[in-house]
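In: What shape does this take:
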Amino acid sequence: MKILIAEDDEVSRRLLKKSLLRWGYEVVTTENGRDAWSILQRDDAPRLAILDWMMPEMDGTEVCRRIRQSQTSAPPYIILLTAKSSKADIVEGLVAGANDYITKPFDREELLARVRVGVTVLELQQSLAERVTDLEEALAQVRVLQGILPICSYCKQVRDDKNYWQSVERYVSKHSEAKFSHGICPQCYEAEVKPMLQEMLSKHEGDDLSVDPRVMQ
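Out: Just a heads-up that it's a prediction; the model follows:
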């Protein structure tokens, strides 16, 4: 995963980059908030960003606000890096749009833990987005039959919204993705097919017309 580091202090920036590279992450660095904001607007923007609170040109909280106000389908996970440690400061950073924070001087193990949390959250978001897309595609392929469907009590044809009567098979095929295969139910076999076969056999007694009724089922 690609991670953005926006930190104007060179020593901190180097330590962050070295640690992240050692843990197997791809790293992009910048020294000010304006460049960080520009990078995060790209199509290939890093999915996770570590932003220093106090930076020249644009501070970390302002970058957070702009990101949260922008209409993006995949907003980055933001970790705010700050020397401020009071509850009021932490709340301010989170309200601005940060997902998490690390206080300076940062502990490497804490940094790794918080980055891993961010990566897990992003992976879950991606998985959820993919499932939503699959569901939307599936729903788009389904045409649902709804409402009261008038059906003739005698011939069993149904009436559509244009007052046109047609077979159930034709109506359902037209208004859904259902496909039909044909067969004969046991009741119809006994009432219709079996008498017809018996009549045929009686007319051709003596002829070799052996018929297995099961082929008709």
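
In: use CA for all of it now, contacts and neighbours both
Out: Noted.

In: Is there a neighbour count for residue 104? I'd like the number.
Out: 13 (other Cα atoms under 10 Å).

In: That one reaches residue 54, doesn't it?
Out: No - counting by Cα atoms under 8 Å, residue 54 is not a contact partner of residue 104; they are 11.7 Å apart.

In: intersection of neighbour lists for the two?
Out: residue 82 (Cα atoms under 8 Å, 6 or more residues apart in numbering).

In: In contact with the nearest residue to residue 81 once chain neighbours are set aside, which residues?
Out: Among residues not flanking residue 81 along the chain, residue 52 sits closest, at 4.5 Å (Cα to Cα, 6 or more residues apart in numbering). Contacts for residue 52 (Cα under 8 Å, 6+ apart) come out as 6, 7, 8, 59, 60, 80, 81, 82.

In: hmm, try it at 7 Å
Out: The contact partners of residue 52, taken as Cα atoms under 7 Å, 6 or more residues apart in numbering, are 6, 7, 60, 80, 81, 82.

In: now residue 45
Out: Contacts of residue 45 (Cα under 7 Å, 6+ apart): residue 39.

In: And what about it, helix, strand or coil?
Out: coil (DSSP: H, G, I helix; E, B strand; the rest coil).

In: next SSE after the lowest-mean-pLDDT helix or strand in the chain?
Out: Within the chain, no helix or strand scores below helix 168-175, which has a mean of 73 by mean pLDDT, DSSP states H and E. For helix 168-175, the following helix or strand on the C-terminal side (DSSP states H and E) is helix 186-188.
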